[in-house]
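[1] using only what follows, build the 3D model:
(one chain, ligands or ions: 2)
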Amino acid sequence: MGAEESSKILQLGSVEPVRKVATSRYIDPEFLELEKERIFRRAWLVACRSSDLERSGAYRCLSYFDESVVIIRDQNGELRAFHNTCRHRGSKLLEGCGRVKEITCPYHGWRYDLDGSLNAVPKAEGFERLATSRMKLLPVRCESWGGFIWLNLDPKAPPLEQSLGAIKDELAPYRLDEMEAIERKTFRLSVNWKTMLENVTDYYHVPVVHGRSVGVHVDSGPDLTGFGDHTRQRLDIAAYEFRRWLDARCSRGGPYSDKQLRALHKYLIFPNLLMNALPYHLTVMQVFPVSTQQCDLHYGFYKRRGARGLERLRAYGTWVASRYILREDFQIIHRFQQGISTGRLKNQQLHAEEAATSHFHGAIDRWLRD
Ligand code: FES
Ligand SMILES: [Fe+2]
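    Ligands and ions are numbered 1, 2, ... in the order given. Now for the predicted structure:
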């Protein structure tokens with residue numbers, strides 16, 4: 001797609017016109033390298049939940065392709081993120097997750113405070129002119145929102161708030177910071193990272209793949225809205241009597257609009273985060289490429305903290321159903337990837353109910369070009 005065509009869609013509320021997508025995008029290693037470089041190294045990405053790092057000194061290491069980043073809660077309770085690299089000769093500092101009083105390099109023993117300042121160098125007199133006060137660990141952009149910690153590897157990236165735009169206000173009533181996980185699990189899938197994301201926003205397959213599961217609970221086709229690079233999809237949930245009865249007993253009194261109470265809202269926060277939001281539970285899926293035909297899906301199903309009785313039961317019941325639906329999706333996306341990987345088909349033809357996929361590729365185009 002040309003620059004002119006993709007620049008049409010940046011206004012709030014507009015979505016990308018339905019179009020063709022080249023199948024090489026799912027199998028070409030050069031295209032994947034571009035996606036890593038131009039998208040994943042420049043975009044805001046969820047790293048973990050804020051509750052994962054509650055106490056001072058709690059840390060978590062994350063890998064972004066060949067880079068390692070450590071997020072740590074410092075002695076004043078502030079979150080910090082650093083490249084996981086010693087300022088002496090570059091050794092990796094920490095592994096996995098845990099809790100430390102200070103960061104000690106395993107190679108020659110340089111020690112850093114939790115805010116990243118260098119506080120001790122063994123045999124310091126052996127260095128000529130070592131400006132220890134300036135040798136802090138190299139910072140990585142880090143912000144918190146919605147109970148999530150977000151990282152950005154690009155020092156010049158706009159603030160997270162700007163990147164989320166209007167979607168931030170949309171999601172505010174869901175009080176995401178109050179959600180706590182029923183399950184968090186990582187799946188290694190043999191599909192391109194886009195395959196997984198697109199499938200979750202593709203409504204066209206729902207009656208075929210999920211005809212006997214989720215399909216029967218949805219009243220109408222999706223109502224899609226673009227928020228810059230992000231999208232929101234509304235699926236009205238069948239208003240059968242039992243559901244109304246359940247809603248009346250589970251309402252947590254949040255400032256939800258009627259639509260938020262009666263519909264599932266799917267948000268694709270570009271580039272790789274999906275949220276299925278309802279007032280009572282939340283599904284979060286984040287996808288990272290591993291190779292052209294492999295990705296890691298970080299799946300999380302959340303209920304509201306303190307949920308009791310029916311609301312709690314409903315959250316657990318939906319979680320079990322969600323895992324069943326996920327299995328249906330895993331089967332079909334693996335078949336999709338096998339078919340597309342032959343390279344026989346050059347272009348995909350997208351249906352109106354796959355418009356979120358069109359919009360997503362428009363955003364990819366812009367990020368690769370800009
Ligand atoms: S590489 Fe870290 S102290 Fe030498
Ligand atoms: Fe599906």
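[2] count of residues packed around the closest residue to residue 36 other than its chain neighbours?
    Among residues not flanking residue 36 along the chain, residue 65 sits closest, at 5.7 Å (CB to CB, 6 or more residues apart in numbering). (Each C-beta comes from the backbone N, C-alpha and C, glycine too.) By the measure other CB atoms under 10 Å, the count of residues near residue 65 is 14.
[3] contact residues of this structure facing ligand 1?
    86, 88, 89, 91, 105, 107, 108, 109, 110 (CB under 6 Å from any ligand atom).
[4] just flag the most distant two among those residues.
    Greatest spatial distance in the residues of the chain next to ligand 1: 89 and 109, 12.1 Å, computed using CB to CB.
[5] who has more neighbours, these two?
    More neighbours surround residue 109 than the other of residue 89 and residue 109, with 13 against 10 (other CB under 10 Å).
[6] which residues are in contact with the spatially closest residue to that one that is not a sequence neighbour?
    Nearest non-adjacent residue to residue 109, counting by CB to CB, 6+ apart: residue 122, 4.8 Å away. The contact partners of residue 122, taken as CB atoms under 8 Å, 6 or more residues apart in numbering, are 108, 109, 110.
[7] one step back: how far away is the residue nearest to residue 36 from ligand 1?
    Separation of residue 65 from ligand 1 (CB to the nearest ligand atom, to the nearest Å) stands at 22 Å.
[8] and residue 269, by the same measure?
    Note on residue 269: its distance to ligand 1, by CB to the nearest ligand atom, is 36 Å.
[9] hmm, back to that, the residue nearest to residue 109: what secondary structure?
    Assigned with DSSP: H, G, I helix; E, B strand; the rest coil, residue 122 falls in the coil class.
[10] check what pLDDT it gets.
    On the pLDDT scale, residue 122 is placed at 96.
[11] among the residues of the chain next to ligand 1, which ones are buried?
    Using 16 or more other CB atoms under 10 Å as the burial test, these include 86, 88, 105, 110 as buried.
[12] and of these, the nearest to residue 367?
    residue 86 (32.0 Å).
[13] got the contact list for the closest one?
    Here residue 86 is in contact with 92, 93, 105, 107, 110 (CB under 8 Å, 6+ apart).
[14] mean confidence score for stretch 222-229?
    90.
[15] ignore what I typed, I meant stretch 179-195.
    For stretch 179-195, mean pLDDT rounds to 97.
[16] run the chain-centre distance for that stretch.
    Averaging C-alpha positions (CA atoms, centre = their mean, to the nearest Å) puts stretch 179-195 10 Å from its chain's average.
[17] CA atoms only: put that stretch into CSV for me.
    What follows is stretch 179-195, C-alpha atoms only, in CSV (Å, rounded to 0.1, in the frame of the first residue of the first chain):
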residue,chain,number,x,y,z
MET,A,179,-7.8,-6.6,38.1
GLU,A,180,-5.9,-9.6,39.4
ALA,A,181,-4.9,-12.7,37.5
ILE,A,182,-6.7,-16.0,37.6
GLU,A,183,-4.1,-17.3,35.1
ARG,A,184,-1.1,-16.0,33.3
LYS,A,185,0.7,-18.3,30.9
THR,A,186,3.0,-18.1,28.0
PHE,A,187,2.4,-20.3,24.9
ARG,A,188,5.0,-20.8,22.2
LEU,A,189,3.0,-21.0,18.9
SER,A,190,4.2,-22.0,15.5
VAL,A,191,2.6,-19.0,13.7
ASN,A,192,3.7,-15.6,12.7
TRP,A,193,3.1,-13.0,15.5
LYS,A,194,0.5,-11.2,13.4
THR,A,195,-1.4,-14.4,12.7
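[18] which intervals of the stretch 201-350 of the chain have sub-threshold pLDDT?
    Scanning the stretch 201-350 of the chain with the threshold set as pLDDT under 70 gives 215-221, 239, 251-255.
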